[in-house]
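> No letters, just coordinates:
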């Protein structure tokens, strides 16, 4: 129960779920740079005392869910195996989930940050998210050692219930969170998305550890979706998406890779939509679609895209590679879109590590410069051991 590392500052008055979340970053022992939504960037820690923690265990079975532990200290609403928990306490809430259920779910409202430990869980919700976190504070998601866990949604979601303000709650993924998600622990998690995204947060997501596999069918959307930023610092992450226009990782803010082993596969073609002017607009599938800075300083990232117009990395800001091993292959045609390996609206800068990009059509690397010279399409710094720059093949290694 002590795998969730953070510190409770007893002199600090806790803010509510709807207030600023900057205090959260004082509780953990990781450093993610200055990309966090609070802007503090540095996290410190210790183990939370058990006296300051509420423990609730949920064991799922078909048609039922059995709750035990500090159940008298949290609000519980239950309909068969559909469980809703509400925590208004200042204590840290730690939930442990296990069992096997083909028609169940978990929704959590918490005033403070909390944790979920998966201890061998197979949970399917045929009409909505398997797990839905409705608190905007941090969720520490721990995969217990030597466990296999599977979360699955259905192809069609039921109408969303209303929150306390009378608004429909968000249901954006098989595993959805209003707040940040920190993936920890050495166990395994498989997320299957059939209707929308596999994993999504309206805040940021940090992958620290674990073996995580996300697969989204052609009736779904993106593999991992984050609004405020995404960091991969460890673990093994495998993402496969098949829908037209779908992205393995879709991030509206920064994307940072400092470690881990990440593999992304997209198979969808361009998604064609009609604009208000009556013209067709093509939205390409991509391994990573990033609306801000993309940086890679460690780890391995392998992206393969086979659909028409599919891209490896599609970024509206700089793509900067200073370490690690980045390999991108696109094999799709260019009927409706241009299947580039790396596309940046501003700059592609390589200063360390290893970069290999191969495409069947269009450009391996494209920084937006109008030039037929491959060397003008990216910036290579320093003195790499290997530097081969072609239109459809780029290899840079330090």
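Yep, it's here. Bear in mind that the values here come from a model prediction, so they are computed numbers and not experimental data.

> What's the separation between residue 249 and residue 313?
Separation of residue 249 from residue 313 (Cβ to Cβ, to the nearest Å): 9 Å. Placement of C-beta: from N, CA and C, glycine included.

> Overlap in contacts, the two.
287-288, 290 (Cβ atoms under 8 Å, 6 or more residues apart in numbering).

> Now the buried members of these.
287-288, 290 (16 or more other Cβ atoms under 10 Å).

> so of those residues, which ones are in strands?
287-288, 290 (DSSP state E).

> okay if I get these as JSON lines plus distance to residue 340?
As requested, these are arranged in JSON lines below (distance: Cβ to Cβ, whole Å):
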{"residue": "287", "distance to residue 340": "11"}
{"residue": "288", "distance to residue 340": "13"}
{"residue": "290", "distance to residue 340": "14"}
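
> Distance to residue 275 and pLDDT for these - can I get that in TSV?
Converted to TSV, those look like this (distance: Cβ to Cβ, whole Å; pLDDT from 0 to 100):
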residue	distance to residue 275	pLDDT
287	26	98
288	25	98
290	24	97
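
> what's the closest of these to residue 58?
Distance to residue 58 across these (Cβ to Cβ) is lowest for residue 288, with 34.2 Å.

> Just to check, that closest one is in contact with residue 264?
Yes - the pair residue 288 / residue 264 is scored as a contact, 6.9 Å apart, by Cβ atoms under 8 Å.

> overlap in contacts of those two?
With Cβ under 8 Å, 6+ apart, residue 288 and residue 264 have common neighbours 248-249, 303.

> Turn these into a markdown table, columns for pLDDT and distance to residue 224.
Shown next, in a markdown table, are the shared contacts of residue 288 and residue 264 (pLDDT from 0 to 100; distance: Cβ to Cβ, whole Å):
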| residue | pLDDT | distance to residue 224 |
| --- | --- | --- |
| 248 | 98 | 7 |
| 249 | 98 | 5 |
| 303 | 98 | 13 |
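
> Turn these into a markdown table, including neighbour count, secondary structure and distance to residue 121.
Shown next, in a markdown table, are the shared contacts of residue 288 and residue 264 (neighbours: other Cβ atoms under 10 Å; DSSP: H, G, I helix; E, B strand; the rest coil; distance: Cβ to Cβ, whole Å):
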| residue | neighbour count | secondary structure | distance to residue 121 |
| --- | --- | --- | --- |
| 248 | 29 | strand | 24 |
| 249 | 30 | strand | 24 |
| 303 | 27 | strand | 30 |
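
> beta partners of the spatially most central residue of the chain?
The residue lying closest to the centre of the chain (Cα atoms, centre = their mean) is residue 224, at 3.9 Å. When bridges are called by DSSP bridges, residue 224 pairs up with residue 199, residue 249.

> So what sits opposite residue 389 in the bridge?
Applying DSSP bridges, one finds that residue 389 bridges with residue 394.

> wait, what's in contact with it?
Counting by Cβ under 8 Å, 6+ apart, the residues that residue 389 touches are 374-375, 377-378, 380, 396.

> just residue 248 next, same as before
Contacts of residue 248 (Cβ under 8 Å, 6+ apart): 222-224, 239-241, 264-266, 286-288, 303.

> please redo it, this time with the cut-off set to 6 Å
Under the criterion of Cβ atoms under 6 Å, 6 or more residues apart in numbering, the contact list for residue 248 reads 223, 239, 241, 264, 266, 287.

> And it, how far from residue 263?
9 Å.

> Over to residue 58?
From residue 58 to residue 263 the distance is 32 Å (Cβ to Cβ).

> Dig out what the nearest residue to residue 393 once chain neighbours are set aside forms beta bridges with.
Excluding its sequence neighbours, the residue lying closest to residue 393 (Cβ to Cβ, 6 or more residues apart in numbering) is residue 358, at 5.1 Å. With DSSP bridges applied, residue 358 shows beta-bridge pairing to residue 329, residue 393.

> Count the residues that sit near residue 358.
The local packing of residue 358 (other Cβ atoms under 10 Å) involves 17 other residues.

> And it, how far from residue 389?
Counting by Cβ to Cβ, the gap from residue 358 to residue 389 is 13 Å.

> Need the shared contacts of residue 288 and residue 264 in CSV (columns: distance to residue 327).
Below are the shared contacts of residue 288 and residue 264 laid out as CSV (distance: Cβ to Cβ, whole Å):
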residue, distance to residue 327
248, 14
249, 16
303, 7
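
> Among those residues, find me the one that's closest to residue 235.
Looking across these and measuring by Cβ to Cβ, the closest to residue 235 is residue 249, at 14.3 Å.

> quick one: the closest one from residue 185, how far?
Going from residue 249 to residue 185 by Cβ to Cβ gives 21 Å.

> For the stretch 101-250 of the chain, which residues score under the pLDDT cut-off?
Within the stretch 101-250 of the chain, no stretch has pLDDT under 70.

> how about a cut-off of 90?
160-168 (pLDDT under 90).

> May I have the residues that are in contact with the residue lying closest to residue 91 once chain neighbours are set aside?
In space, and not counting its chain neighbours, residue 91 is closest to residue 54: 5.0 Å by Cβ to Cβ, 6+ apart. Residues in contact with residue 54 (Cβ under 6 Å, 6+ apart) are 70, 73, 91, 93.
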